[in-house]
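> Sequence and predicted structure are below.
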Amino acid sequence: MNQKWTRAICTVLTSALVFTGPAVEGTTFSGYINSGLEKVYAKTQKQKDAEKKKSQAEQDLKDKKNEINGLKDQQQTTADDIKNKSAKLDEILAAQKKLQKDITSKQAEIEQNQKDLAAAQEKQQEQYDAMKKRIQFMYENSAEDNIWTAIIESNGITDMLNRIEYVSDVYDSDRALMDSYQAAVEQVKEIGTKLDKDMNELTAMQDDYEKQQADVEAAIVALENQKEQYASQIAQAQQQADNYQNIITAQGKIIQEQEAAAAAAARANSSSGSSSYDGGGAGKGGSIASDYASGGGKNPSASTGVSGSSVVSYAMQFVGNPYVWAGNSLTNGVDCSGFVHEVYEHFGISTPRYSQAFKSVGQAVSFDNIQPGDVVVYPGHVAIYAGGGVIVEAQSTKAGITANRSVQCHTILAIRRLV
């Protein structure tokens, strides 16, 4: 096939594809007119591959973010456990401190008791020794206190009885003193026994606290290690998420390049010449694809609890912010499909991330039934209808996010209602 025929066939195919509008979604045109039919199919396959890779990466990113959120929840639970264990450890340490004071005080009591016992036993021994000496003296010597002397030397029965009574009183006094000293010794011994019992209980409590302390400290170490493992897993998962985001950005760039090529081909080959699109510039008055023109009566009812006016109100907050190709931040920069995607994601509504895919989401709406919040799809561009005949959009690098262009600034390929 010679070069002349190749160009002729490409031109015919281009015109046919442009005429069919939405029916050829995913087909790209730029750069093939002088390159033969093989180039047309290669470009088409390239976009399909990019869309497939991007879709898979988006799903992988969503799954990875869920995994990261799960890991963060587990990490927070572990941190809470560490906090609780630390509080328990503080309680144990405080109890140990108080217990140590009690042990010190009890030890002082025991030592004092031992001194008291030694003193009582000493007094008892002294009294015992003194009593033994008196008894020995009374029985071994002929002293006045000797009972036999008291009887023999008495001046009568009355004197004898008095003398015997005196000796008996001495015995009774000695016996009473011995009994009192013995009782004192026994009392001190009883106190000592109780103090020893108290000390044993305190030392048992000390052993128990030390075991509790060791167990809690071991648990805290294990939880700290677990927390570090979660941090490592989160970092690893975040790296994977960043890789998926890079894939999404790269494939999105390929898709947008293909869509831009399609728009350029549409401008060059449209017979009406009314679909001029400059990648987000001022634009010209556009036509409406037959499926969305006045008539047809497509006006689906609401499918969510979100109102279109709420969508528009949220989107209008970002007017004036920058346009950044393949960006994903409504504040720092976003492109046209990213703008629509991020706005609807705020309301929990899932959407594609490239413009022409919006032709198949939600429900079709006729132009005469268009309402604020409806998504409007153009060749290589997508926006949100703001009401009053204008759209809010991420227009271009030069214009940024705007809300001043007519809804018919380009040929309308689709109008879709997502709320």
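Received the coordinates, thanks.
> Touching, Phe339 and Thr402? I think so.
No. Proximity of Phe339 to Thr402 does not meet the contact threshold set by CB atoms under 8 Å, at 10.5 Å. Bear in mind the C-beta positions are built from the backbone N, C-alpha and C, glycine included.
> joint contacts of these two?
Taking CB atoms under 8 Å, 6 or more residues apart in numbering as the contact rule, the neighbours common to Phe339 and Thr402 are Glu393.
> This protein - how does it break down into domains?
What the record gives for the chain is the domain set 47-253, 306-415, from the TED database.
> Turn those into CSV, including mean pLDDT.
Supplementary listing: the domains of the chain in CSV, determined by pLDDT from 0 to 100:
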stretch, mean pLDDT
domain 47-253, 83
domain 306-415, 94
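> all helices of the stretch 201-350 of the chain, in order?
Along the stretch 201-350 of the chain, counting by DSSP state H, counting those that start in this stretch, helices occupy 308-316, 336-346.
> This protein: strands as residue ranges?
If DSSP state E is used as the criterion, the strands of the chain fall at 328-329, 333-334, 363-364, 375-378, 381-387, 390-396, 400-406, 414-417.
> out of those, nearest to Ala231?
Of all the strands of the chain, it is strand 328-329 that lies closest to Ala231, at 25.5 Å by CB to CB.
> Report all helices and strands that that closest one contacts.
In terms of contacts (3 or more CB pairs under 8 Å, 6 or more residues apart in numbering; DSSP states H and E), strand 328-329 is packed against helix 336-346.
> Sort out which residues of the helix it packs on are buried, please.
Buried residues in helix 336-346, counted by 16 or more other CB atoms under 10 Å: Cys336, Ser337, Gly338, Phe339, Val340, His341, Glu342, Val343, Tyr344.
> could you give the angle of it to strand 400-406?
Helix 336-346 runs at 100 degrees relative to strand 400-406, counting by axes from the mean of the first three to the mean of the last three CA atoms, to 10 degrees.
> relative to strand 390-396, how tilted is helix 336-346?
Orientation check (the same axes, to 10 degrees): helix 336-346 against strand 390-396 gives 120 degrees.
> what's in contact with helix 336-346?
Helix 336-346 is contacted from outside by 252, 256, 280, 311, 314-315, 318, 323, 326-330, 334, 350-355, 357-358, 375, 381-384, 393-395, 401, 418, using CB under 8 Å, 6+ apart.
> before we move on, the earlier item: just the closest of the buried residues of helix 336-346 to Lys132, please.
When the buried residues of helix 336-346 are compared for distance to Lys132, the smallest value, 109.3 Å, is given by Glu342; criterion: CB to CB.
> ok, now which ones touch Ala183?
Ala183 is in contact with no residue at all, counting by CB under 8 Å, 6+ apart.
> Verify the stated contact: Leu89 with Gln213.
Yes. Under the criterion of CB under 8 Å, Leu89 makes contact with Gln213 at 6.8 Å.
> Quick one: distance of stretch 213-230 to the chain centre.
Here stretch 213-230 is found 18 Å from its chain centre; the criterion is CA atoms, centre = their mean, to the nearest Å.
> what comes up buried for that stretch?
When burial is assessed from 16+ other CB under 10 Å, stretch 213-230 yields the following buried residues: Gln213, Val216, Ala219, Ile220, Leu223, Gln226, Lys227, Tyr230.
> Make JSON lines from the residues you listed and add distance to Glu126 to it.
Written out in JSON lines, the entries for these read as follows (distance: CB to CB, whole Å):
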{"residue": "Gln213", "distance to Glu126": "50"}
{"residue": "Val216", "distance to Glu126": "56"}
{"residue": "Ala219", "distance to Glu126": "61"}
{"residue": "Ile220", "distance to Glu126": "61"}
{"residue": "Leu223", "distance to Glu126": "66"}
{"residue": "Gln226", "distance to Glu126": "70"}
{"residue": "Lys227", "distance to Glu126": "71"}
{"residue": "Tyr230", "distance to Glu126": "76"}
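> Identify the farthest-apart pair in the residues you listed.
Gln213 and Tyr230 (25.9 Å).
> and of the helices of the stretch 201-350 of the chain, who's closest to Gln100?
Evaluated with CB to CB, the helices of the stretch 201-350 of the chain place helix 336-346 nearest to Gln100, the distance being 59.7 Å.
> ok, back up a step: export the strands of the chain as a markdown table, with columns for distance to Gln127 and mean neighbour count.
Supplementary listing: the strands of the chain in a markdown table, determined by distance: least, CB to CB, whole Å; neighbours: other CB atoms under 10 Å:
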| stretch | distance to Gln127 | mean neighbour count |
| --- | --- | --- |
| strand 328-329 | 100 | 16 |
| strand 333-334 | 105 | 23 |
| strand 363-364 | 114 | 16 |
| strand 375-378 | 113 | 27 |
| strand 381-387 | 111 | 25 |
| strand 390-396 | 110 | 25 |
| strand 400-406 | 109 | 18 |
| strand 414-417 | 113 | 24 |
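> Can you redo those as a markdown table, where the extra columns are distance to Val306?
Formatted as a markdown table, the strands of the chain follow (distance: least, CB to CB, whole Å):
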| stretch | distance to Val306 |
| --- | --- |
| strand 328-329 | 21 |
| strand 333-334 | 20 |
| strand 363-364 | 14 |
| strand 375-378 | 13 |
| strand 381-387 | 13 |
| strand 390-396 | 16 |
| strand 400-406 | 19 |
| strand 414-417 | 11 |
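> of all those, which lies closest to Thr304?
Of all the strands of the chain, strand 414-417 sits nearest to Thr304, with 9.9 Å by CB to CB.
> In terms of secondary structure, what does that closest one contact?
For strand 414-417, the contact count by 3+ CB pairs under 8 Å, 6+ apart identifies strand 363-364, strand 375-378 as packing neighbours.
> who wins for proximity to Gln240 among these?
Checking the helices and strands packed on strand 414-417 against Gln240 by CB to CB gives strand 375-378 as the closest, at 31.3 Å.
> Mind listing the strands the closest one pairs with, and their directions?
For strand 375-378, sheet partners with direction are given as strand 381-387 (antiparallel), strand 414-417 (antiparallel), following DSSP bridges.
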